[in-house]
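Chemist: predicted model and sequence below, questions to follow.
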Amino acid sequence: MAQAAVTTSDRTPVPPAPPLEVGRGVSPASVLKYLVQRREATVITVTVLAIIYFAVRTSSIFQVANISVTTQYMGPILVIGVGEVLMLVLAEIDLSAGQVYLTAPWFVYWFWHNMGVPIGLAIVISLALCAAIGLTNGLITVLLGVPSLVVTLGMQFLLYGVVLVVSSYTQEQLPVLGTTYATIFGAGAWADLGWGVAIAAGIWFLLKRTRFGVHVTATGGNTLAAAEAGIPVKRVKVWCFMIVSVVSGYIGILDLIRQVSMDPGSYGLNIVLAPIVAAVIGGTALTGGRATVLGTFIGALFLSIVDDGLNLTGVSANWFYLLEGIIILVLMIINVRLGRFALRFRR
């Protein structure tokens, strides 16, 4: 299938970056041209630099135990981030994904503990409820014309309130599931990373190799033109809302199986911001029509490395978020400037 044209923030069609023609000889100019035209170039570069910097500062960054912890932190950022890619390419956003991530484990607990439903069936029912949450977000957005930012922010508060009311602000926990099933579905040291890569690959395939992906990109690039071409734009948006809710709930359930305990005071907006940042610094446009799952993967890796590296190097809590904020702002500025340069370069 031919690759769809990429659109920039001003919705001007831009042809996709051509492949690097290694067989015809690689010159510095051709390498520069290839890198400039790759949206992921900036985040890949700074990720490599971050690894080198923290490796010089502390050798602990390469210890297996530390890498395992880092991937567990990276898992939710990656999974929710690639879900948000579907929203951002449509010029929409889902701020409730973080709260779905936190609420899905409570669904599992309530069905299992309060209703006696087997744990496997409780997970399936909980994911169905997550899909219903996404369906609600999508229908309100496309049928009533309410901006998705407002809809999902309201859903975020609604779910947070449900957890607080039903739980009576009491922490709960599942029993430790010491089985092969539990190891694969969350308890294993590398389970989050494995599922994160699998889900990211699935969404990449959905976007790049299916008719639905073509419809998503076309809808994000120009909604009116897509509708006139016969694409069911409302249905496409609703399905994307449902997908992001399901994958967010799923990674939340995996983390429940690993962590066992649940805190009703955890706040979803604190969870969802990092995945959105990962998607945007990876090259996905906030204005729609342009997405990169690979860039989101590298963005999630970058944020995880920075978080882990600052901890390992002993940065105090007073400086931690300040430094992380500066790093993200600088990276975003570089990304925007490079994107504009790439547009002029292609033209």
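Modeler: Here it is on my side, so go on. Numbering: from 1, shown residues only.
Chemist: mind jotting down where the strands sit in the stretch 201-347 of the chain?
Modeler: Using DSSP state E, counting those that start in this stretch, the strands of the stretch 201-347 of the chain run over 261-262.
Chemist: low pLDDT regions in it?
Modeler: Residue ranges of the stretch 201-347 of the chain with pLDDT under 70: 339, 341-347.
Chemist: what is the burial count for residue 73?
Modeler: 18 (other CB atoms under 10 Å). No exception for glycine: its C-beta is placed from N, CA and C like everyone else's.
Chemist: tell me the contacts of it?
Modeler: Contacts for residue 73 were tallied using CB atoms under 8 Å, 6 or more residues apart in numbering; they are 304, 307, 308.
Chemist: is residue 199 in contact with residue 79, as I believe?
Modeler: Yes: counting by CB atoms under 8 Å, residue 79 is a contact partner of residue 199 at 5.2 Å.
Chemist: now do the shared contacts for those two.
Modeler: 247, 250, 251.
Chemist: thought the first one was touching residue 81?
Modeler: No: in this structure, residue 247 sits apart from residue 81 without contact. The criterion is CB under 8 Å, and the distance is 9.9 Å.
Chemist: those two: which has the busier surroundings?
Modeler: residue 81 (33 against 29).
Chemist: ok, residue 199 and residue 79, which is more surrounded?
Modeler: For the pair residue 199 and residue 79, the greater number of neighbours falls to residue 79 (30 against 22), based on other CB under 10 Å.
Chemist: excluding its backbone neighbours, what's nearest residue 71?
Modeler: residue 193 (3.9 Å; CB to CB, 6 or more residues apart in numbering).
Chemist: check the secondary structure at the one you found for me.
Modeler: helix (DSSP: H, G, I helix; E, B strand; the rest coil).
Chemist: do the one 5 residues further on as well
Modeler: Classification of residue 198 by three-state DSSP places it in helix.
Chemist: okay, it and residue 247: tell me how far apart.
Modeler: With distances taken as CB to CB, to the nearest Å, residue 198 is found 11 Å from residue 247.
Chemist: next: residue 336.
Modeler: Distance from residue 336 to residue 247, by CB to CB: 28 Å.
Chemist: residues contacting residue 160?
Modeler: Residues near residue 160 by CB under 8 Å, 6+ apart: 99, 103, 267, 268.
Chemist: now do the contacts for the first one.
Modeler: Right, residue 99. Counting by CB under 8 Å, 6+ apart, residue 99 has contacts 155, 156, 159, 160, 267, 268, 269, 271, 272.
Chemist: quick check: mean pLDDT of the helix or strand encompassing the fourth one?
Modeler: Translated: residue 160. In this assignment (DSSP states H and E), residue 160 forms part of helix 148-167. Mean pLDDT, helix 148-167: 96.
Chemist: stretch 109-123 too?
Modeler: Across stretch 109-123, the per-residue pLDDT values average to 92.
Chemist: equivalent analysis for stretch 69-81, please.
Modeler: Stretch 69-81 comes out at a mean pLDDT of 94.
Chemist: and that stretch, what's buried?
Modeler: 70, 71, 72, 73, 74, 75, 76, 77, 78, 79, 80, 81 (16 or more other CB atoms under 10 Å).
Chemist: can you tell me which of the residues you listed are in helices?
Modeler: Of the buried residues of stretch 69-81, the ones assigned to helices by DSSP state H are 70, 71, 72, 73, 74, 75, 76, 77, 78, 79, 80, 81.
Chemist: got the residues you listed as JSON lines, with distance to residue 149 columns?
Modeler: Listed next are these as JSON lines, based on distance: CB to CB, whole Å:
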{"residue": "70", "distance to residue 149": "31"}
{"residue": "71", "distance to residue 149": "30"}
{"residue": "72", "distance to residue 149": "29"}
{"residue": "73", "distance to residue 149": "26"}
{"residue": "74", "distance to residue 149": "26"}
{"residue": "75", "distance to residue 149": "25"}
{"residue": "76", "distance to residue 149": "21"}
{"residue": "77", "distance to residue 149": "20"}
{"residue": "78", "distance to residue 149": "23"}
{"residue": "79", "distance to residue 149": "21"}
{"residue": "80", "distance to residue 149": "16"}
{"residue": "81", "distance to residue 149": "17"}
